[in-house]
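Asker: my questions concern the predicted model and sequence given below.
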Amino acid sequence: MNTVRRGAAAFAAAAVVLGTAAALPAAAAPSPTPSTGTLPAGLYGTTDPTYDGVWRQSLAFLAQRATGYQPADQAVDWLLGQQCADGSFASYRAAAATPCDAKTMRDTNATAVAVQALGAVRRQAAAPEKVDQAVKAGTDWLRTVQNKDGGWGYGVGGASDANSTSIVVGALAATGVKPGSYASADGRTPYDALLSFALPCSDKDGAGAFAYQPDKTGKLLANADATAAATLAGLGKGVTATKASPEQPPACTDLTKPTAERAALNGASYLAKALAKTGHLTTPPMPGATDTSEKPDVGNTADAVVALAAAGAAKEAKPALEWLEKNSAAWAKQSGPAAYAQLILAARATDTDPREFGTADLVEQLNATGPAPKTPDTSASSTSDDEDSGFDIWWIIGIGMVVGVGIGFLVSGRKK
């Protein structure tokens, strides 16, 4: 869900869980396989899941549900098995049968995205009651680790950041919880935290953007990754957001008493201007790299497309989507299920068919990375397009394709 914000391997865990692994340039080396040489049954992807197992599994679920498919029971069971007894998730637990203890590195990003994914699959799950319990336990745990400023950091007790706070907001909204009802011990909400990361329209270099966190001097620096995430959260939406109507050109407007929604629209204005330059966002060079040029950031560009569409600026997102159609294939193949999911969600947000994404069938490619999902239920009658339901307009289109060509139709879906 987002771009490279951590460079060195020492920060790999945080970077991947926040979605940055899926946003690495296509030239980056693939992750190694686990030291055991085998991967858990039910897990999506073939690379080492140490830092992104829960993340990529959850994004795959969201993309599949958004296209009318239900993940295989085996895949759902794997994700359920990753949850700790207190409701939290770590990035990945190799020994899932061993209870979590004080040494287990729980994180808010993995927990939030898993909660959202499980909430999306519960209606068609083999044991919906068990999934419901897992969702509730996860949201309850997130509440217990909320910071006093109303936000969340990546790890328990860590300083709040825009991306982590946004991921939690999106998960809460998608599972039917009002994020504004989550007040901290100091009476501050997640939206209060988000506003603390927003740059004013008067900022010369980052008008309307969001910072990831204040720097050491307390200054806010524009961060496109954080802006894409916070734009969605400020609108009360998550990564599976769809195109808003009516459309409106993004503009930056400062208010005497700012609101999260206004800050989100300001963020969309920043993203639109950033994308207008080249049709894509960029990521700075990794620390110590000999090549100091900025590289195209495919993952963050996909996230920005979703954010713009959700803010009513799908027109401004179109050039970036077209760029993704032409330039994302190698990156997605290397990065795996999370990357395919991001692209599917970007397509879905702009009413684009992910089965004809440039020359790629994103749906088929995602499904090939793990256990085959269940095909769409053509007898279903619900076509709600809210984030909690995976069935939307693409599901209806899919039924038509089932009738016409005798095959199932899978369409689009989408931390830092």
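Answerer: Right, received. Where do you want to start?
Asker: shouldn't residue 211 be in contact with residue 221?
Answerer: Yes. Contact status for residue 211 versus residue 221: in contact at 5.3 Å, counting by CB atoms under 8 Å. The way it works is simple: take the backbone N, C-alpha and C, and place the C-beta from them, glycine included.
Asker: so these two - more neighbours on which side?
Answerer: residue 211 (21 against 15; other CB atoms under 10 Å).
Asker: and the more buried one, how far from residue 154?
Answerer: Here residue 211 is placed at a distance of 15 Å from residue 154 (CB to CB, to the nearest Å).
Asker: need the strands for this protein, in chain order.
Answerer: 281-283, 295-297 (DSSP state E).
Asker: run through the neighbouring helices and strands of the first one.
Answerer: Spelled out, it's strand 281-283. Applying 3 or more CB pairs under 8 Å, 6 or more residues apart in numbering; DSSP states H and E, we find strand 281-283 packed against strand 295-297, helix 298-310.
Asker: at 10 Å instead, please
Answerer: Applying 3 or more CB pairs under 10 Å, 6 or more residues apart in numbering; DSSP states H and E, one finds that strand 281-283 contacts helix 224-234, helix 260-278, strand 295-297, helix 298-310.
Asker: how far does the last one sit from its chain's centre?
Answerer: Relative to its chain's centre, helix 298-310 lies at 10 Å (CA atoms, centre = their mean, to the nearest Å).
Asker: the inter-axis angle of that helix versus helix 260-278?
Answerer: Angle, helix 298-310 to helix 260-278, by axes from the mean of the first three to the mean of the last three CA atoms, to 10 degrees: 130 degrees.
Asker: and helix 298-310, what's its mean pLDDT?
Answerer: Helix 298-310 shows a mean pLDDT of 98.
Asker: so which other helices or strands are in contact with it?
Answerer: Helix 298-310 packs on helix 224-234, helix 260-278, strand 281-283, helix 314-327, helix 329-335, helix 337-349, going by 3+ CB pairs under 10 Å, 6+ apart.
Asker: avg pLDDT for the longest one?
Answerer: Read that as helix 260-278. 97.
Asker: buried ones in it?
Answerer: 260, 262-272, 274-275 (16 or more other CB atoms under 10 Å).
Asker: tilt between it and helix 224-234?
Answerer: Helix 260-278 and helix 224-234 are oriented at 140 degrees to each other (the same axes, to 10 degrees).
Asker: tell me the contacts of residue 310?
Answerer: 231-232, 234-244, 264, 268, 317, 349 (CB atoms under 10 Å, 6 or more residues apart in numbering).
Asker: make a markdown table out of the helices and strands packed on strand 281-283 and add distance to residue 373.
Answerer: Shown next, in a markdown table, are these (distance: least, CB to CB, whole Å):
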| stretch | distance to residue 373 |
| --- | --- |
| helix 224-234 | 25 |
| helix 260-278 | 32 |
| strand 295-297 | 29 |
| helix 298-310 | 21 |
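Asker: among the ones you listed, which comes closest to residue 286?
Answerer: strand 295-297 (9.4 Å; CB to CB).
Asker: show me what the closest one is packed against.
Answerer: Checked by 3+ CB pairs under 10 Å, 6+ apart, strand 295-297 has strand 281-283, helix 314-327 packed alongside it.
Asker: repeat that with 6 Å
Answerer: Strand 295-297 is packed against strand 281-283, with contacts defined by 3 or more CB pairs under 6 Å, 6 or more residues apart in numbering; DSSP states H and E.
Asker: any idea how far the strand it packs on is from the chain center?
Answerer: On CA atoms, centre = their mean, the centre of strand 281-283 falls 17 Å from that of its chain.
Asker: repeat that for stretch 207-223.
Answerer: Using CA atoms, centre = their mean, the offset of stretch 207-223 from its chain centre is 21 Å.
Asker: need the residues that contact it.
Answerer: 161-162, 197-199, 201, 206, 226-227, 230, 252, 266-267, 269-270 (CB atoms under 6 Å, 6 or more residues apart in numbering).
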